[in-house]
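Colleague: Just the structure for this:
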Amino acid sequence: MLSSLTVLDFSHRLPGPYATYLLAGLGAKVIKVEDVKFQDPFLSGAFKEMDESFITWYHQLNDNKGIKRFDFNSSKIKEQLNALIQRADVIMMGLPEKLADKVGVSEELLNKRPIVYCRPLSSKKNNKPAHDLNSLAETGLLEMHVHQHNESDTIEPPMLPFSGISFGSQMALQILSAHINVLKTNKFYPIDVYLDESTKTTLGPFYAQELKEKNINRFLHNGKFPCYCIYKSKDNKYVALAAVEEKFWINFCELFNIDMPAEKRFQYSDRTIFNQLSTLFKELDSKDILEHSQKKDCCLSIF
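Modeller: Below you'll find the predicted structure:
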């Protein structure tokens with residue numbers, strides 16, 4: 001779909017590389033440019049040392065791209081990068097301003113070219129650095145997560161960097177929109193995409209101000225109802241039950257010989273139904289649960 005689009009990716013870690021990963025998945029030719037010594041922090045240095053998952057993330061996000069490494073201190077660096085820029089339609093920035101100017105890829109040096117110039121930034125309101133967790137906190141989205149662990153003094157963050165993922169998705173979308181404008185105008189098109197704004201745009205609707213004001217922070221999708229929850233089996237596997245629709249709940253009850261009216265699947269004022277289902281699954285091996293669930297559709301998975 002995007003086979004005619006060439007992207008130079010100077011970003012690192014998660015949001016920028018995820019944006020270009022999405023573009024590469026749509027057929028764009030993406031070239032990730034790194035300094036030969038100071039490579040992406042997910043691949044080398046402190047990040048790699050403190051969390052082994054980062055090197056896996058690096059390969060997951062970048063193995064569908066071409067990787068080119070240059071000596072950013074070389075006297076030929078501007079010439080080398082300019083050869084790539086001549087064939088590029090998009091620049092995904094991620095270098096500090098002084099370094100970008102030094103190697104010849106700053107906005108000031110490229111603003112005469114018909115090219116999309118995307119800069120990932122933390123906040124439209126201020127220049128403070130921020131990470132995924134900060135954005136989730138400042139947009140109020142962490143309140144849902146914290147509510148589920150309010151009896152603990154130390155709370156583990158959500159399972160994935162959702163804010164960074166939405167940030168990358170928003171950048172990919174805005175790059176495509178900007179590219180259309182470049183094709184129409186044949187002019188330089190800079191775009192600044194902000195972590196806080198993208199978090200609010202893509203995730204904010206799911207915890208709107210109206211819900212906050214009503215102090216509603218428990219929903220179907222974060223475990224409010226017994227019909228949509230995770231339980232543990234006898235052999236310490238997990239059962240993901242999502243029997244939300246009445247027909248799936250009825251099938252589930254028939255398969256496991258449970259006498260429980262359909263309206264009970266939405267009972268949340270006490271933990272009785274949760275406890276009954278927990279007891280049921282704890283008495284069954286995952287193999288038995290799976291065999292039962294394959295006889296009728298009841299939206300049940302084992303992991």
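
Colleague: Okay, helices next: where are they in the protein?
Modeller: For the chain, the helices defined by DSSP state H cover 15-25, 46-50, 53-62, 77-85, 97-102, 107-110, 132-138, 142-147, 162-185, 195-202, 209-213, 246-255, 272-282, 286-293.

Colleague: Just the angle for the first one relative to helix 195-202, thanks.
Modeller: Taking axes from the mean of the first three to the mean of the last three Cα atoms, to 10 degrees, helix 15-25 and helix 195-202 form an angle of 50 degrees between their directions.

Colleague: Return the list of helices and strands in contact with helix 15-25.
Modeller: Other elements packing on helix 15-25 under the criterion 3 or more Cβ pairs under 8 Å, 6 or more residues apart in numbering; DSSP states H and E are strand 6-9, strand 29-35, helix 53-62, strand 90-92, strand 116-121, helix 162-185. Every C-beta, even on glycine, is put in place using the N, C-alpha and C of the backbone.

Colleague: How about the longest one?
Modeller: For helix 162-185, the helices and strands in contact under the criterion 3+ Cβ pairs under 8 Å, 6+ apart are helix 15-25, strand 90-92, strand 116-121, helix 132-138, strand 189-194, helix 195-202.

Colleague: Swap in 7 Å and give it another go.
Modeller: With contacts defined as 3 or more Cβ pairs under 7 Å, 6 or more residues apart in numbering; DSSP states H and E, helix 162-185 has these neighbours: helix 15-25, strand 116-121, helix 132-138, strand 189-194, helix 195-202.

Colleague: The helices of the chain: lowest mean pLDDT?
Modeller: Among these, helix 46-50 carries the lowest mean pLDDT, a mean of 72.

Colleague: what's the burial count for residue 251?
Modeller: The number of residues packed around residue 251, counting by other Cβ atoms under 10 Å, is 19.

Colleague: Spell out which residues sit in contact with it, please.
Modeller: Counting by Cβ atoms under 7 Å, 6 or more residues apart in numbering, residue 251 touches 296-298.

Colleague: picking up where we left off before, winner for burial among the helices of the chain?
Modeller: Relative to the other members of the helices of the chain, helix 15-25 carries the highest mean neighbour count by mean count of other Cβ atoms under 10 Å, namely a mean of 24.

Colleague: Check the offset of it from the chain's centre.
Modeller: Distance of helix 15-25 from the chain centroid (Cα atoms, centre = their mean, to the nearest Å) equals 11 Å.

Colleague: which residues touch that helix?
Modeller: Contacts with helix 15-25, where a contact means Cβ under 7 Å, 6+ apart, come from 2, 5, 7, 9, 11, 30, 61-62, 64-65, 92, 94, 120, 164-165, 167-169, 171-172, 175.

Colleague: try stretch 178-192
Modeller: Outside stretch 178-192, the residues within contact range by Cβ under 7 Å, 6+ apart are 5, 89-90, 107, 110-119, 121, 174.

Colleague: What is the end-to-end distance of that stretch?
Modeller: When the termini of stretch 178-192 are compared using Cα to Cα, to the nearest Å, they are 11 Å apart.

Colleague: Could you pull up the residues touching residue 53?
Modeller: When contacts are counted by Cβ under 7 Å, 6+ apart, residue 53 is found next to no other residue.

Colleague: how near is residue 269 to residue 249?
Modeller: 18 Å (Cβ to Cβ, to the nearest Å).

Colleague: Quote the end-to-end distance of stretch 71-86.
Modeller: 19 Å.

Colleague: if we look at that stretch, which residues are touching it?
Modeller: For stretch 71-86, the surrounding residues in contact (Cβ under 7 Å, 6+ apart) are 8, 31, 35-36, 70, 99, 103-105.

Colleague: Can you tell me which of these are classed as buried?
Modeller: With neighbours counted by 16 or more other Cβ atoms under 10 Å, the contacts of stretch 71-86 contain buried members at 8, 31, 35, 70, 103, 105.

Colleague: Could you find the closest non-adjacent residue to the residue of the chain positioned farthest from its centre?
Modeller: Seen from the C-alpha centroid of the chain, the residue lying at the greatest distance (Cα atoms, centre = their mean) is residue 259, 40.2 Å away. Closest residue to residue 259 apart from its sequence neighbours, by Cβ to Cβ, 6 or more residues apart in numbering: residue 253 at 7.3 Å.

Colleague: The one you found and residue 260 touch, don't they?
Modeller: Yes - A contact is recorded between residue 253 and residue 260 when judged using Cβ atoms under 7 Å, the distance being 5.4 Å.

Colleague: Of all the helices and strands packed on helix 15-25, which one comes closest to residue 208?
Modeller: Within the helices and strands packed on helix 15-25, the stretch nearest residue 208 is helix 162-185; the backing value is 15.9 Å (Cβ to Cβ).

Colleague: And residue 150, what's its pLDDT?
Modeller: At residue 150, the model reports a pLDDT of 69.
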